[in-house]
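Chemist: no FASTA, just this:
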């Protein structure tokens, strides 16, 4: 009994002391000096014990609310404001010093409720409808965070940061409002306004979200690789999350986009994006402002972009704004990392395909730098990919035009191939309003699949031996650089200007040097095959400005000038040049667009126009655009867009039914190659909650001025004097489809499923009056992606199914002996794209383990294991044909079978 009395007395004394302490301390005077995680009721209990403050609350309701944010060195009143905002509650401190947390006693939708929902300051506001501006940066590295959302908490009123992380938000209700900052790959951040706080330099640091999922983290952070943007038909991804998805050997930003609705994933043989029935050349790719014209590494299995050098990627699938021009289909805008501004950092990846290393070096407070280098090596994946290209080479065949049947030949392969890329970015910030940056990118592939053939004497008294060096050498790459100056002129006007250079080069030698030695020892050398060289140079100046006139009106305008210098040669044998084209041309233009908001920001309309003068045709080209969104409520949004788009630099497909088609870049001239044009029509509806997103979008694209090059009609004219430039053919087409997306955005299990029903059709008079399936036509495509996180582990799986792509098959073939004694194969082509490859499907799986520092506070990297094509599906890439004894032999070129990969990623910071 005595012990019970003592316990009661001690407890009463503690309660009394807590009450006295709490009464003497105002919540705005109490600073939380540690991080808290868990259910809100548990967090309040711990604060009560540690700080001596008493709370009253509904334990059952607060137990459902998860807390996982930065609570260190923040006043208690600010944290209570934030937590109550999340839980739709309010707090007050009574005369006894006890803090009471209760439900909002307001009628839903009333003005009082709206005011309470955004109230975060216990004092009275002093200013209303204010403007705030600043910059959003990464708390770990100090890098600017582009395209982050900055929204008045509890409302749909907000804006986005620009590419350099700056924002301007107008008509903020009061100077005591809470502003919410969010970005994919980051934890939410908050701006707690007070009357004394500066409103013009509100720079906010937001914390990267951890790959690790603690047991108490259920709905605390957004765990998704991608998000749809407020702009129409736009998808954003962050490279920070790429390690969670399966990969063949590299974390690949463009391969991730192929998992999105409307972007075809049925072609492993290219990293280029087939967006809504478009081709990769119709997708404008910008890297720090300069154009990248070719994105493939290693036969297209990997893209040319090193994820360790990339900060953010935006894909505009259609209906893109007037700022962008020069492409018919879509835009991929890539922002490179500036480099860590706080500490030196070094890191890298090592996979079964390549080695990748990067370094970040700050100098003082104003200069940052990043260097990244990646190179392939002859590991298991490298060898497996090249086995796909050498497995079809025969060991004993008849050499057409060189004697007996069944002759045993000695084949010696000279496969020696590699790729590498280099990224450099230097950034200087002379003032808090100016940013000067220099970005350099260089990527090169060297693919050598040459074979040396030795044929012994044929006997029978002829006494001659044969030798053949069969070259299959391809070298291509990109070199690009930009110098950009960005300036925030004032709170409402922001601009940047850049000069850039881009060079794409491709040299292909697929030929044979055949040497014949007769009985007298006389050698005869004959070179047959194809030789192609393509060199494109792009010099560009552009200047873009954004003027935030008011909270309901934003104007964008800019100028651009581009000089092109393109050369292309195509030869058969060492004496026959088929094409020798030199293009030079200039583009000059500008744009103006205006974003209007109506009806309390529910309706947004953005009209605009881009105008271009092209000196090759001496014509002006006007491209009007219009987009609109309407928010019925905080969940349902309607979207629509329409626009005209022109393309002046074109990648032309050179049809080759026997060996597989290739492509080359040249300029439009309105004669053999017209200026191509597309008209977009887009409509859709989104339904979004904090946990889920459901989206449906339909599109229609009308295309004119399409071009193709083919020699399939050459045999019919071989007795005539041939003008090979007559083999450019012009047509038109259309693409239409509907996309469905369902996404789970929060929790341990996240992911999405999408289905696309689409049709892409072309019509060329030379092939007939009927429309035929375009080469990129995929009727049905279904994708499912799931990511599950548990503590330091993450598991992911992706499954893809797609209808087979169309192709043209030969109906017959024959060889012709030319005047120089060599033979050339000709085919009789069937109906254009009248057949389809087998349907495509693939399941990939990955497991990822997070590596942390010894004190378990800092992420140091991860170990990832991927299994590509789990059930070893034999998917057909394309068909190649050989003519032997006037008989057509078909060879199926297949994609990779089941392929494991292991990647280790480490970093210092």
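Modeler: Arrived safely, thanks for sending. Note that the structure is predicted; figures quoted are calculated from it, not measured.
Chemist: dihedrals phi and psi, residue 767?
Modeler: phi -100, psi 0 (degrees, to the nearest 10).
Chemist: gap between stretch 856-871 and the chain center?
Modeler: 20 Å (CA atoms, centre = their mean, to the nearest Å).
Chemist: need the contact partners of that stretch.
Modeler: With contact meaning CB atoms under 8 Å, 6 or more residues apart in numbering, stretch 856-871 is reached by 210-212, 243, 246-248, 347, 842-853, 875, 895-907, 909. For the C-beta atoms, the positions are set from N, CA and C on the backbone; glycine is no exception.
Chemist: and what of stretch 729-738?
Modeler: With CB under 8 Å, 6+ apart, stretch 729-738 has contacts from 262, 276-278, 673-674, 696-710, 756-767, 771, 774.
Chemist: element containing residue 48, please.
Modeler: Here residue 48 is covered by helix 40-51, with elements defined by DSSP states H and E.
Chemist: next secondary structure element downstream of that helix?
Modeler: strand 55-56.
Chemist: which helices and strands does that next one pack with?
Modeler: Where contact means 3 or more CB pairs under 8 Å, 6 or more residues apart in numbering; DSSP states H and E, strand 55-56 is packed against helix 40-51, strand 99-103.
Chemist: out of the ones you listed, which gets nearest to residue 795?
Modeler: With CB to CB as the criterion, residue 795 lies closest to helix 40-51 of the helices and strands packed on strand 55-56, at 28.4 Å.
Chemist: and the next element down the chain from the helix or strand of the chain at the bottom of the mean pLDDT ranking?
Modeler: One helix or strand of the chain scores below all others by mean pLDDT, DSSP states H and E: helix 111-117, with a mean of 37. Next along the chain after helix 111-117, taking DSSP H and E as the criterion, comes strand 128-138.
Chemist: what sits up against that next one?
Modeler: 143-145, 148, 150, 161, 164-175, 179, 181, 183, 186, 189, 191, 193, 199-206, 208, 491-492.
Chemist: domain ranges for this protein?
Modeler: 2-103, 113-208, 345-400+409-907 (automatic domain parsing).
Chemist: return the most buried member of these.
Modeler: Mean neighbours per residue, mean count of other CB atoms under 10 Å, is largest over these for domain 113-208, with a mean of 19.
Chemist: wouldn't residue 648 be in contact with residue 585 here?
Modeler: Yes - Residue 648 is within contact range of residue 585, at 7.2 Å (criterion: CB atoms under 8 Å).
Chemist: okay, and the common contacts of these two?
Modeler: Joint contacts of residue 648 and residue 585 (CB under 8 Å, 6+ apart) are 564, 614, 616, 667.
Chemist: farthest-separated two in those residues?
Modeler: Based on CB to CB, the longest span within the shared contacts of residue 648 and residue 585 runs between 564 and 614 and measures 10.1 Å.
Chemist: what sits in contact with each of these two?
Modeler: Common neighbours of residue 564 and residue 614 (CB under 8 Å, 6+ apart) are 585, 586, 587, 648.
Chemist: which strand or helix spans the third one?
Modeler: Going back to what we said before, that points to residue 587. Secondary structure (DSSP H and E) places residue 587 in strand 576-598.
Chemist: flag the shaky bits of the stretch 1-150 of the chain, pLDDT-wise.
Modeler: Applying pLDDT under 70 to the stretch 1-150 of the chain flags the ranges 1-29, 33-35, 37, 68-73, 88, 94-97, 103-123.
Chemist: 50 instead?
Modeler: Flagging of the stretch 1-150 of the chain using pLDDT under 50 yields the residue ranges 1, 5, 7-24, 105-120.
Chemist: partner strands of the longest strand belonging to the chain, parallel or antiparallel?
Modeler: When the chain is scanned for its longest strand (criterion: DSSP state E), the result is strand 523-550. Paired with strand 523-550 in the same sheet, following DSSP bridges, are strand 493-517 (antiparallel), strand 553-572 (antiparallel).
Chemist: in CSV, list the ones you listed along with distance to residue 440 and mean pLDDT.
Modeler: What follows is the strands paired with strand 523-550, written out as CSV (distance: least, CB to CB, whole Å; pLDDT from 0 to 100):
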stretch, distance to residue 440, mean pLDDT
strand 493-517, 10, 87
strand 553-572, 19, 94
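Chemist: residue 836 is nearest to which of the ones you listed?
Modeler: Residue 836 sits nearest to strand 493-517 of all the strands paired with strand 523-550, at 26.8 Å, using CB to CB.
Chemist: name every strand pairing with the helix or strand harbouring residue 841 and say which way it goes.
Modeler: Using DSSP H and E, residue 841 sits within strand 840-852. Neighbouring strands of strand 840-852 in its sheet, by DSSP bridges, are strand 793-802 (antiparallel), strand 859-868 (antiparallel).
Chemist: phi and psi next, for residue 331.
Modeler: phi -140, psi 130.
Chemist: now it: closest residue in space that isn't a chain neighbour?
Modeler: Spatially, and ignoring its direct neighbours in sequence, residue 331 is nearest to residue 316 (4.2 Å; CB to CB, 6 or more residues apart in numbering).
Chemist: out of the contacts of strand 128-138, list just those in strands.
Modeler: Going by DSSP E, the strands hold 150, 166-174, 179, 181, 189, 191, 204-206 from those.
Chemist: at which residues are the helices of the chain located?
Modeler: 2-24, 40-51, 59-62, 76-87, 111-117, 253-257, 380-390 (DSSP state H).
Chemist: what separation is there between residue 381 and residue 354?
Modeler: According to CB to CB, to the nearest Å, residue 381 stands 9 Å off from residue 354.
Chemist: which of the helices and strands packed on strand 55-56 sits closest to residue 577?
Modeler: For the helices and strands packed on strand 55-56, the distance to residue 577 is smallest for helix 40-51, at 76.2 Å, taking CB to CB.
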